[in-house]
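Visitor: Quick one: sequence and predicted model below, then my questions.
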Amino acid sequence: MTIFLQILFGVIAGFFGGMGMGGGTVLIPLLTIFLGFEQQLSQGINLLSFLVMAVVSLLIHTKNGLVVTKNIFWLILGGVIFAVIGSLLATILPSTILKKIFGAFLCVISITEIFKVMMKKKK
Amino acid sequence: MRKKIKKTDKRTKLFDKIMLIILGGVIGFLFVFFGGGGGMICVPTLEKALKLDNKHAHATAIAVIFPLSLISSAIYVFKGAIESLPLLTIGLGVVAGGIIGAIALKILPSKLIRIIFSLVMLAGGVRILL
């Protein structure tokens, strides 16, 4: 049953992730809430499964001509530097504290997203 | 006159580059600190800074986040935060879902997906906080 749920949650998260929305914001809460995973374990699993998924979906997106490579080098450069700092910090913090911050982060970005979509409709 | 134009051109280009590096830094930090959600920040950044449309931004976001994920995964593994068995089953599901999602991005209207996605996230966030 647990294995079935793990695969199911993976499929749901992968679906959103494949669309470039960051499936982790779905996968991580599913794993911590329903399967009782530690926050760091959920985050780490998400990062690793994203890697495999990203290769597959990048191939499909490139085929469909949706990937723009111009100028993204600079974004990646800044990203890589802070990615190192961020992951060191995340692995050091206690799981419960990281979980609460993550919950707040989810609320903020989802409300922002809903608000943005609603504003677009009015135009 | 020509020289002047070139100079300001160079300056704005340099400014743009620095802005991109800073934006990338914010994306990178948040993405690996929370182990996900990079797309949520990266997609609007790409839409605004590089003026991409929604679909192109979604696809390009994966290309931007990929190298960040590679580095931070290594750090998570090195720090011993990963267990291999759930990684295998969940990873399998994620790959399957990822293929479906990437194909569906071409077909489904993006507004509806964004609302559904946001509601799922909001539910998760509230549940964690309570």
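Guide: Everything's here; your move.

Visitor: Show me where chain B dips below the pLDDT cut-off.
Guide: B:1-8, B:37, B:108-109 (pLDDT under 70).

Visitor: quick check: domain ranges of it?
Guide: B:1-82, B:83-130 (automatic domain parsing).

Visitor: Spell out whether the last one and chain A are in contact.
Guide: It refers to domain B:83-130. Yes. Domain B:83-130 reaches chain A (Cβ under 8 Å from any Cβ of the partner chain) through B:83, B:86-87, B:89-106, B:111, B:113-115, B:117-122, B:124-129. For glycine as for every other residue, the C-beta is placed from the backbone atoms N, C-alpha and C.

Visitor: Buried ones among the residues you listed?
Guide: Neighbour-count burial (16 or more other Cβ atoms under 10 Å in any protein chain shown) is assigned, among the residues of domain B:83-130 next to chain A, to B:86-87, B:89-99, B:101-102, B:105, B:113-114, B:117-118, B:120-122, B:124-125, B:128.

Visitor: Quick check: the residue nearest to the spatial centre of chain A vs chain B, distance?
Guide: Geometric centre of chain A, nearest residue: residue A:24, 2.8 Å, by Cα atoms, centre = their mean. Using Cβ to the nearest Cβ, to the nearest Å, residue A:24 is found at 2 Å from chain B.

Visitor: if I look at the residue nearest the centre of chain B, how far off is chain A?
Guide: Nearest to the geometric centre of chain B sits residue B:39, at 2.7 Å (Cα atoms, centre = their mean). To chain A, residue B:39 is 3 Å away according to Cβ to the nearest Cβ.

Visitor: re the thing from before, could you pick out which of the residues of domain B:83-130 next to chain A are located in strands?
Guide: With DSSP state E as the criterion, strands contain none of the residues of domain B:83-130 next to chain A.

Visitor: Let me see the contact set for residue A:7.
Guide: For residue A:7, the contacting residues are B:89-90, B:92-93, B:96, by Cβ atoms under 8 Å, 6 or more residues apart in numbering or on different chains.

Visitor: can we see that at 10 Å?
Guide: B:88-94, B:96-97 (Cβ atoms under 10 Å, 6 or more residues apart in numbering or on different chains).

Visitor: for residue A:71, phi and psi?
Guide: Backbone torsions of residue A:71, given as degrees, to the nearest 10, read phi 70, psi -10.
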